[in-house]
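[1] Turn this into a structure:
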Amino acid sequence: ASQELDLRKGYLELAHTKPDYNAWLDETWPDNGPKHQEAVVRTFQSMYGPIWEKQMRNTACFNIVPLRSTSVAKLSPQAWQMGKDWFREVLEHLTPRLVVCNGNSRNKSPWSVVHEFYSIKDSPDIPIGATGSTASIKQGIIESGPLSDCRIVGLPSLSRFGWPELYEKLSD
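    I've put the predicted structure just below:
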């Protein structure tokens with residue numbers, strides 16, 4: 001379904017021909033996609049204020065595995081491992097000063113993958129939601145390798161935890 005939509009809408013060509021193209025802003029995603037896209041937009045609005053769209057269009061945004069999937073659980077172990085290797089190669093090529101992870105669980109998340117590859121000095125978690133909620137913002141500084149001194153922020157899955165309190169704390 002996603003492949004058919006990509007072909008029908010021409011998304012694959014746009015990504016290579018439109019310099020400021022960003023799938024989060026320029027595509028229409030099926031199913032729960034619009035809710036997820038809105039959560040990412042609100043995240044950038046919270047973090048960057050009036051320049052959020054320019055910042056988002058100038059930010060490399062990509063998944064661990066460069067395939068569309070509704071769940072990492074649906075990916076084979078081989079696809080996940082190849083994706084992790086690709087993800088690391090892209091990060092080290094880009095050498096960002098800040099990495100924002102959409103997902104910060106201990107297993108099969110961008111946060112867990114960055115922790116797997118690099119030594120990170122973690123800061124205390126910032127809890128989100130009511131007492132007893134497991135949602136939090138995680139943060140740290142990469143201490144080793146080619147991304148040394150890069151700041152990393154791990155957000156809870158935005159499709160599940162895109163709450164007003166999250167955006168308020170990101171504004172801070």
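
[2] which residues sit against the longest helix that the chain contains?
    Ranked by residue count, the top helix of the chain under DSSP state H comes out as helix 77-94. Helix 77-94 has contacts (Cβ atoms under 8 Å, 6 or more residues apart in numbering) with 60, 62-67, 72, 75, 99, 108, 110, 113-114, 116-117, 145-147. For the C-beta atoms, the positions are set from N, CA and C on the backbone; glycine is no exception.

[3] which element is G140 on?
    G140 is located in strand 136-142, with elements delineated by DSSP states H and E.

[4] Dihedrals phi and psi, T95?
    When read as degrees, to the nearest 10, the backbone of T95 gives phi 40, psi 60.

[5] That one reaches L147, doesn't it?
    Yes: with contacts counted by Cβ atoms under 8 Å, T95 reaches L147, the gap being 6.6 Å.

[6] So if I had to pick from the two, which one is more boxed in?
    Neighbour count, other Cβ atoms under 10 Å: between T95 and L147, L147 has more, with 23 against 10.

[7] And for the nearest residue to Y167 once chain neighbours are set aside, the neighbour number?
    Leaving aside its sequence neighbours, Y167 sits nearest to S46 (Cβ to Cβ, 6 or more residues apart in numbering; 4.2 Å). Here the number of neighbours of S46 (other Cβ under 10 Å) works out to 17.

[8] I'd like to know how many residues surround F62.
    14.

[9] How far off centre is stretch 162-172?
    16 Å (Cα atoms, centre = their mean, to the nearest Å).

[10] again with stretch 52-59
    With Cα atoms, centre = their mean, you get 14 Å for stretch 52-59.
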